[in-house]
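Visitor: Sequence plus predicted model, see below.
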Amino acid sequence: MNLSVDPAFCELLTGSYSRLVGESLIPPEHDNQNAARWLYEAAPFCLLAHNTATDPIFIYANKMAQACFEYSWEELTSLPSSLSAEEVNREERRRLLDLVKRNGFATGYRGLRIAKSGRRFWIEDVTVWQLVDAQGVLRGQAAIYRRWRDA
């Protein structure tokens, strides 16, 4: 299923973020009719999400994140999210995700990532949060970052 502009998935992303972080992902001028499209196509930040599998798979990556990682939608949404970091950096990434599981979210993270081409880049001032639906069911985790630079 393609979640790129799915309104229900948009609500999961934005609702979880708002409840846990206490801020809105969507500027007030974007109403519910175009929020999913804006997040996917025009948001000035990278937004990714993965599922709850033992080795989570990306289920969402907006256009900005796809460009940053140099993958198409189809490629990224079939990629285990652990492969976004090189093996030497995966333990640090795992510790962050464990912290998010315990606390609901974490902010201020900085980590080294790798693009499809092998280009290494830093993601900075990252916020990661639990994707929890209206019934309280955990659906995955999401991350947003507004700054990145080549390593």
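Guide: Here it is on my side, so go on. Residues are numbered from 1 along each chain as shown.
Visitor: Where does the prediction get shaky in this protein?
Guide: Low-confidence regions of the chain, defined by pLDDT under 70, span residues 31-33.
Visitor: Next, the contact list for the residue nearest the centre of the chain, please.
Guide: A centroid search over the chain (C-alpha atoms, centre = their mean) returns residue 48, at 2.3 Å, as the residue closest to the centre. Contacts here follow C-beta atoms under 8 Å, 6 or more residues apart in numbering; on that basis residue 48 touches 58, 60-62, 65, 76, 81, 84, 142-143. Every C-beta, even on glycine, is put in place using the N, C-alpha and C of the backbone.
Visitor: which residues of the chain fall in helices?
Guide: 7-21, 35-37, 63-69, 73-76, 90-103 (DSSP state H).
Visitor: who touches the last one?
Guide: For helix 90-103, the surrounding residues in contact (C-beta under 8 Å, 6+ apart) are 82, 84-85, 106, 109, 111, 128-130, 141.
Visitor: and the residue lying closest to residue 21 once chain neighbours are set aside, bridged to which residues?
Guide: Using C-beta to C-beta, 6 or more residues apart in numbering and skipping residues adjacent in sequence, the residue nearest residue 21 is residue 105, 5.4 Å away. Counting by DSSP bridges, residue 105 forms beta bridges with residue 129.
Visitor: residues near residue 105, how many?
Guide: 19 (other C-beta atoms under 10 Å).
Visitor: Next: residue 50.
Guide: Using other C-beta under 10 Å, residue 50 has 25 other residues around it.
Visitor: what do you get for the one 10 residues further on?
Guide: Residue 60 is flanked by 26 other residues according to other C-beta under 10 Å.
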